[in-house]
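[1] Output the structure for:
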Amino acid sequence: MKNNKSKTEKKTAVKNETDNKKPVLFVGAGPGDPELITVKGRRALAAADMIIYTGSLVPEAVLKWTDPKSIRMNSASMHLEQIVDKMTAEYSQGRKVVRLHTGDPSLYGAIFEQMAQLRRRSIPYRVIPGVTAAFAAAAAMGIEYTLPEICQTLILTRMSGRTPVPEAEQLALLAAHRASMAIYLSIGLIDQVADILEDAYGPDGTCAVVFRASQPEEKIIYTKTVSLSHTVKTENITHQALIIVGRVLDISVETLRYTSKLYDMNFAHGYRSDQSR
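    So this is what the prediction gives:
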């Protein structure tokens, strides 16, 4: 009887210890503007005891939401095992750990490999989404990626480089759809990207290069696919830039011809009857 009681007490002690520990939080920092982090992400930063962030990508301005007493660690020079070891050590001490990623963690965030390591160590985690650069770029340009009867598809992709992409997702195959496209992590391969986009969208296809969307250094350059490579090199843009392409870039408020059925006075739906009846 006494032995069973001892086992029960041990289990309770272990459970209480686990209950006192908070899951590791993967937080999307947004595209750079500190006010574009979500309210939930901001609260997570304010409550964190330890923040691990990539200093080469996360602007210092975003860290203003952290508690001055919290520990900040720049992971730019760290490899996967070091990062996970640090998160493990801090979690084991009962500290609140935030792994801060730029944009939205689910897009080119390399978070799944970190989560897999944490799962193997029985460490719980949660993800708080963020605003990705493609949406900050659209806001800055004042465009909509999905215009009625112009384009209803947005492709987020990257060029194959040091990190390969599946054969079926090669840029040339995706560009053949001529949908709206935001190309990440590919500015260093601008010659190849430009050739592919010129072939798919035509030499007069409009495209834009958005450097550091939403940040003070933000720069938006409009050009044609035939001039894309030359423009990027002339402007000396070598990193942290998106390439946007698609027919929606050719539509202005003056040339808009097609509008959504959603606000059409003759289009009935569950919240509005057909006004023409």
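[2] Count the neighbours of the residue nearest to Ile150 when sequence neighbours are not counted for me.
    With Cβ to Cβ, 6 or more residues apart in numbering as the criterion, Ile150 has its nearest non-adjacent residue at 5.4 Å, and that residue is Arg247. C-beta here means a position set from N, CA and C on the backbone, and glycine is covered the same way. Residues within reach of Arg247, counting by other Cβ atoms under 10 Å, total 15.
[3] And Glu144, by the same measure?
    Neighbours of Glu144 under the rule other Cβ under 10 Å: 16.
[4] How about the contacts made by it?
    Residues in contact with Glu144 (Cβ atoms under 8 Å, 6 or more residues apart in numbering) are 138, 248.
[5] Give me the pLDDT for it.
    pLDDT, the model's per-residue confidence, is 95 for Glu144.
[6] same question, the one 4 residues further on
    Reading off the per-residue confidence, Pro148 sits at a pLDDT of 89.
[7] again with Thr163
    88.
[8] circling back: if I look at the residue nearest to Ile150, how far off is Leu36?
    27 Å (Cβ to Cβ, to the nearest Å).
[9] Over to Val97?
    23 Å.
[10] who has more neighbours, those two?
    Comparing Val97 with Leu36 by other Cβ under 10 Å, the one with more neighbours is Val97, at 26 against 21.
[11] residues in contact with that one?
    22, 24-25, 48-50, 52, 87, 90-91.
[12] Okay, strands next: where are they in the stretch 101-250 of the chain?
    For the stretch 101-250 of the chain, strands defined by DSSP state E, counting those that start in this stretch occupy the ranges 125-128, 154-158, 180-184, 206-211, 219-224, 241-245.
[13] strand partners of the second one, parallel vs antiparallel please.
    Taking DSSP bridges as the criterion, strand 154-158 forms sheet pairs with strand 180-184 (parallel).
[14] Grab the CA positions of the strand it pairs with and hand them over as CSV.
    Provided in CSV are the C-alpha atoms of strand 180-184 (Å, rounded to 0.1, in the frame of the first residue of the first chain):
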residue,chain,number,x,y,z
SER,A,180,0.1,36.0,-59.8
MET,A,181,3.4,34.9,-58.4
ALA,A,182,5.6,36.0,-55.5
ILE,A,183,9.1,34.6,-55.7
TYR,A,184,11.1,34.3,-52.5
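[15] thought the residue nearest to Ile150 was touching Arg178?
    Yes - counting by Cβ atoms under 8 Å, Arg247 does reach Arg178; the two are 7.0 Å apart.
[16] Retrieve the pLDDT associated with His269.
    Reported pLDDT for His269: 53.
[17] re earlier: what's the closest of the strands of the stretch 101-250 of the chain to Val165?
    Closest approach to Val165 among the strands of the stretch 101-250 of the chain (Cβ to Cβ): strand 154-158, 6.7 Å.
[18] Which residues does that closest one contact?
    Residues from elsewhere that reach strand 154-158, judged by Cβ under 8 Å, 6+ apart: 107-108, 132, 134, 145-146, 165, 169, 171, 174, 177, 179-186.
[19] Just give me the closest of the contacts of Val97 to Val127.
    For these, the nearest to Val127 is Leu25 (7.6 Å; Cβ to Cβ).
[20] That closest one bridge partners, please.
    Here Leu25, judged by DSSP bridges, has bridge partners Val98, Arg126.
[21] residues in contact with it?
    Here Leu25 is in contact with 44, 48, 96-99, 125-128 (Cβ under 8 Å, 6+ apart).
[22] can you redo those residues as TSV with distance to Gln82 and pLDDT?
    Listed next are the contacts of Leu25 as TSV, based on distance: Cβ to Cβ, whole Å; pLDDT from 0 to 100:
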residue	distance to Gln82	pLDDT
Ala44	22	98
Ala48	19	98
Lys96	20	98
Val97	14	98
Val98	17	98
Arg99	13	98
Tyr125	17	98
Arg126	22	98
Val127	21	98
Ile128	23	98
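[23] okay if I get those residues as JSON lines plus distance to Gln152?
    Formatted as JSON lines, those follow (distance: Cβ to Cβ, whole Å):
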{"residue": "Ala44", "distance to Gln152": "35"}
{"residue": "Ala48", "distance to Gln152": "40"}
{"residue": "Lys96", "distance to Gln152": "42"}
{"residue": "Val97", "distance to Gln152": "40"}
{"residue": "Val98", "distance to Gln152": "37"}
{"residue": "Arg99", "distance to Gln152": "35"}
{"residue": "Tyr125", "distance to Gln152": "35"}
{"residue": "Arg126", "distance to Gln152": "33"}
{"residue": "Val127", "distance to Gln152": "28"}
{"residue": "Ile128", "distance to Gln152": "29"}
